[in-house]
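Asks: Fold the stuff below for me.
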Amino acid sequence: MLHLMASGTGLAPMRYPSSMQRITRAVLVVPALFMLACSQPTAQAQDSEALRKEIEALKASQDAMQKDIAEIREFLRQVTGGKFGAPSIEGATVDLNGAPAKGEASAPLTLVEVSDYHCPFCRRHFQQTQPRLYADYVDRGTVRHVFIHYPIDQLHPEAFRSHEAASCAADQGKFWELHAKLFDAPARSIDQIVALAPSAGLDANALRACLDSGKYSAPVRESVTRMRELGVDSTPMFLIGMTPQNGEPMKVLKVVKGAHPFEQFKAVFDGLL
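Replies: Residues are numbered from 1 along each chain as shown. Predicted coordinates for the structure are as follows:
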């Protein structure tokens, strides 16, 4: 039995006791078909008429089940106002103060990248799509790029340290240099992260001291919580809006979820511009 109820909607609870009966009947008929196929001709003749009627009844039940499903969908549509799943991020606002940014502050558009250094799709975006985005938009002063930390512990339990390290690198004015190294060569331990320091122009001892102190552990976790509350549920995710002024939050106008070719970003940017 399926029982759905919407509190405060004015809609009565909906019950479908017949649906389970129909499903049960379908489950029972399948073995019956197999047994009939394996039985002797005499038994087949005796049972064929009864089984034919059962199959017809099953077809009728399937039609009724489809009607039940349609009614359930309509019920959910009324309850949710036609919106299923998590609320849309479009139209929400996001505070970008303190987040690493690259490109002109006066750029008309801002591209907010919510990402995880150990996410393979994030790496693919960084290596394949981002160079063209920079060449055609960021470097030309049309789009500003902002990065927000979103390591997903459940999928990449060792990524958190890399996001702390990038924040530590920002203390030395080298966020974007280590950022690139962390995508090119995902590090699994503090030793591996610190080994990247010289090629990123960082003081290795200062980087290690920052990591050992846990200085950015809470800020990275707060970033994850903030994005989760906004509705971000995967990486990479890109939030696009008009560049905010005077430290105001950015209103999200478009969302690009996942790693996509340059052309998809171009279509969004050009449409907004």
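Asks: got any ranges where the stretch 151-273 of the chain has weak pLDDT?
Replies: Of all residues in the stretch 151-273 of the chain, none has pLDDT under 70.
Asks: where do the helices sit along it?
Replies: Secondary structure of the stretch 151-273 of the chain (DSSP state H, counting those that start in this stretch): helices at 160-171, 175-184, 190-195, 204-213, 217-230, 262-272.
Asks: what's the closest of those to residue 253?
Replies: Nearest to residue 253 among the helices of the stretch 151-273 of the chain is helix 262-272 (6.3 Å), distances taken as C-beta to C-beta. Where C-beta positions appear, they are placed from N, C-alpha and C, glycine not excepted.
Asks: Residues contacting the closest one, please?
Replies: The contact list for helix 262-272 (C-beta atoms under 8 Å, 6 or more residues apart in numbering) reads 108-109, 111, 129, 132-133, 136-137, 142-143, 238, 240, 242, 253-254, 256.
Asks: List the buried residues in it.
Replies: 262, 265, 268-269 (16 or more other C-beta atoms under 10 Å).
Asks: and which of those is nearest to residue 212?
Replies: residue 265 (38.3 Å).
Asks: measure the closest one to residue 226 for me?
Replies: Residue 265 is 24 Å from residue 226, where distance means C-beta to C-beta, to the nearest Å.
Asks: which among the contacts of helix 262-272 gets closest to residue 58?
Replies: Nearest to residue 58 among the contacts of helix 262-272, with distances taken as C-beta to C-beta, is residue 256, at 45.2 Å.
Asks: Can you verify my assumption that that closest one contacts residue 237?
Replies: Yes - under the criterion of C-beta atoms under 8 Å, residue 256 is in contact with residue 237, at a separation of 7.4 Å.
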